[in-house]
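Undergrad: build the 3D model from these lines:
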Amino acid sequence: MQDPNAQQFAAMRYVSHIGSWAVKLSLALLLGAGTYLLTVNLVLLPHLPTALATEAQPHTDWSFYVTTADRATAYNLGCNQGRYDAGFSPPADSLVVLDFGIQTSDGTGVYTTQEDPKTDKPMLNTDIEGVSYNFAQGYYSCTGPGDSTSVLTLGVGVNDSDPSFSDATYTALGKDWDNVVGTIISGTSNFRTQVKIWGAADLEAWNYPTGYVTSDQGTAWVNGYSSIDIAPYVNYGDALGCPTSYTTGKGKLCSYGYYQYDYYYYSWGAPPSLVAPEIYTTSPDNSEQWTNISLYAKNIKGVTMQFEGPWDENDFHPSELTSSQAWSIFWNDLNAAGVYSFMNYSLEIHCEVSGKCPNS
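TA: This is a model prediction of the structure:
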């Protein structure tokens with residue numbers, strides 16, 4: 001499905017990092033009322049210096065585990081972000097992910113973070129669309145008359161944490177989620193000058209007593225989403241068990257049968273994919289894990305990965321890296337390895353309603 005009204009994706013579907021940095025984009029030729037003719041994927045790989053002055057960390061944006069379908073709560077959270085961004089001079093941009101949880105097997109809704117799929121009623125896709133709309137509306141309204149330039153990128157997120165789903169089910173769920181994102185893009189068209197809508201996905205192995213999610217299952221979701229590709233999605237998962245070195249082929253083996261290639265594919269190799277990786281700890285060294293995935297991409301796949309910014313969970317686990325620590329460690333590791341990335345954002349996960357999320 002191609003939304004002819006989604007201007008931000010009509011002639012140029014997406015651009016991640018413009019200027020002297022690497023660019024990943026898709027160009028489309030259109031005829032008449034949004035007829036899709038051709039897509040050209042282009043990656044520009046400029047020569048980047050191997051040592052740069054430390055980049056200033058952007059302000060840290062709060063993302064949320066969504067626990068309710070309450071529209072007023074969503075509006076207020078969006079409003080808070082709008083006021084925050086408008087308070088900078090010049091106004092700042094932001095990237096916020098709303099993590100709605102795991103999709104139901106039929107793709108009609110999600111089980112949110114605090115829910116047990118065996119006992120709780122799922123949140124329907126119409127509620128997800130409404131919550132996302134109200135967050136976007138709150139942002140747009142509360143930037144105020146003095147700010148017409150700040151832009152919120154709102155990632156509408158799920159995870160792939162159910163090992164019982166078949167590959168075919170995950171493929172269908174990826175398609176379903178892209179269609180949800182497309183509906184939200186259409187519904188928020190009045191805010192498009194200051195709100196962009198992306199998909200988002202926490203793609204991991206998810207080792208549970210009942211089993212783990214295989215790399216084939218994660219790939220199935222990604223391929224399902226990519227087959228429609230209404231908007232980019234940002235992967236905000238981990239790279240569990242990945243080493244702090246890399247090799248040829250599929251790269252080195254990570255935990256539970258995943259390879260470095262799988263995390264590269266989820267995060268940059270698939271056409272709509274972008275990434276804001278979890279940088280939680282130095283033991284294991286999450287930053288070095290992702291730095292070596294980037295080295296694998298550069299030296300084995302021949303492409304330069306770009307990162308939206310690090311994602312931390314210090315609000316839930318104060319002993320883990322703070323936003324500033326995650327930023328500086330990740331930036332320094334990438335730069336030292338010669339895979340510099342201009343990171344526009346710093347992200348930290350919070351609970352939409354205090355006390356309703358695990359470990360909150």
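Undergrad: got the contact list for Thr126?
TA: Listed by C-beta atoms under 8 Å, 6 or more residues apart in numbering, the contact set of Thr126 is empty. The C-beta positions use only the backbone N, C-alpha and C, and glycine is treated the same way.
Undergrad: so for the strand or helix carrying it, mean pLDDT?
TA: Secondary structure assigned from DSSP states H and E places Thr126 in helix 125-142. For helix 125-142, mean pLDDT rounds to 98.
Undergrad: what's the spacing between it and its chain's center?
TA: 18 Å (C-alpha atoms, centre = their mean, to the nearest Å).
Undergrad: which parts of it are buried?
TA: Neighbour counts over helix 125-142 (16 or more other C-beta atoms under 10 Å) mark 125, 127-140, 142 as buried.
Undergrad: which one of those is nearest Phe342?
TA: Nearest to Phe342, judged by C-beta to C-beta, of those is Tyr139 at 23.8 Å.
Undergrad: that closest one reaches Leu152, doesn't it?
TA: Yes: proximity of Tyr139 to Leu152 meets the contact threshold set by C-beta atoms under 8 Å, at 4.7 Å.
Undergrad: residues that sit against both of the two, list them.
TA: With C-beta under 8 Å, 6+ apart as the test, Tyr139 and Leu152 both reach 78, 81-82, 85, 194-195.
Undergrad: got a PyMOL select line for the buried ones in these?
TA: Buried members of the shared contacts of Tyr139 and Leu152, identified by 16+ other C-beta under 10 Å, are gathered into one PyMOL selection as follows:
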select buried, resi 78+81+82+85+194+195
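Undergrad: grab the nearest non-local neighbour of Ala337.
TA: Nearest non-adjacent residue to Ala337, counting by C-beta to C-beta, 6 or more residues apart in numbering: Thr291, 5.1 Å away.
Undergrad: is the one you found part of a helix or strand, or is it coil?
TA: At Thr291 the chain is in helix, as set by DSSP: H, G, I helix; E, B strand; the rest coil.
Undergrad: okay, it and Glu55: tell me how far apart.
TA: Distance, Thr291 to Glu55, by C-beta to C-beta, to the nearest Å: 15 Å.
Undergrad: before we move on, what about Thr171?
TA: Distance from Thr171 to Glu55, by C-beta to C-beta: 38 Å.
Undergrad: same question, Ala200
TA: Distance from Ala200 to Glu55, by C-beta to C-beta: 24 Å.
Undergrad: okay, those two: which has more neighbours?
TA: Neighbour count, other C-beta atoms under 10 Å: between Ala200 and Glu55, Ala200 has more, with 28 against 14.
Undergrad: pull the contacting residues for Tyr339.
TA: For residue 339 the amino acid is Val, not Tyr. 291, 294-295, 297-298, 304-305 are the contacts of Val339 under C-beta under 8 Å, 6+ apart.
Undergrad: for it, which non-adjacent residue is spatially closest?
TA: Distance criterion C-beta to C-beta, 6+ apart; nearest residue to Val339, sequence neighbours excluded, is Ser294 at 4.2 Å.
Undergrad: can you pull out the helices in the stretch 151-300 of the chain?
TA: 167-187, 215-228, 260-264, 286-296 (DSSP state H, counting those that start in this stretch).
Undergrad: of those, which approaches Val66 most closely?
TA: When those are compared by C-beta to C-beta, helix 167-187 sits nearest Val66, at 13.2 Å.
Undergrad: give the buried residues for the closest one.
TA: 167, 169-185, 187.
Undergrad: same question for stretch 225-242.
TA: Those would be 225-226, 228-242, for stretch 225-242 by 16+ other C-beta under 10 Å.
Undergrad: if I pick the most centrally placed residue in the chain, what's in contact with it?
TA: Geometric centre of the chain, nearest residue: Val234, 2.3 Å, by C-alpha atoms, centre = their mean. By C-beta under 8 Å, 6+ apart, the residues touching Val234 are 95, 97, 155, 198-201, 273-276, 308.
Undergrad: switch the cut-off to 6 Å
TA: Listed by C-beta atoms under 6 Å, 6 or more residues apart in numbering, the contact partners of Val234 are 155, 198, 200, 274, 276, 308.
Undergrad: residue contacts, the residue nearest to the first one when sequence neighbours are not counted?
TA: The reference is to Gly155. Leaving out its chain neighbours, the residue that sits closest to Gly155 by C-beta to C-beta, 6+ apart is Ala200, at 3.3 Å. Going by C-beta under 6 Å, 6+ apart, Ala200 touches 97, 155, 157, 233-234.
Undergrad: among those residues, which are in strands?
TA: Of those, the ones assigned to strands by DSSP state E are 97, 155, 157, 233-234.
Undergrad: and the furthest pair within those residues?
TA: Every pair of the ones in strands among the contacts of Ala200 checked by C-beta to C-beta; the farthest is Val97 and Tyr233, at 10.2 Å.
Undergrad: looking at it, Ala74 is touching Gly130, isn't it?
TA: No: assessed by C-beta atoms under 6 Å, Ala74 is found out of contact with Gly130, at 7.9 Å.
Undergrad: where does pLDDT dip in the protein?
TA: Applying pLDDT under 70 to the chain picks out residues 1-53, 113-119, 358-360.
Undergrad: can we see that at 90?
TA: 1-55, 112-121, 207-210, 353-360 (pLDDT under 90).
Undergrad: could you find the closest non-adjacent residue to Gly130?
TA: Arg71 is the one closest to Gly130 (C-beta to C-beta, 6+ apart), at 5.7 Å.
Undergrad: my read: that neighbour touches Ser132, true?
TA: No: with contact defined as C-beta under 6 Å, Arg71 does not count as touching Ser132 (10.1 Å).
Undergrad: how many residues are close by Arg192?
TA: Counted by other C-beta under 10 Å, the residues lying close to Arg192 total 17.
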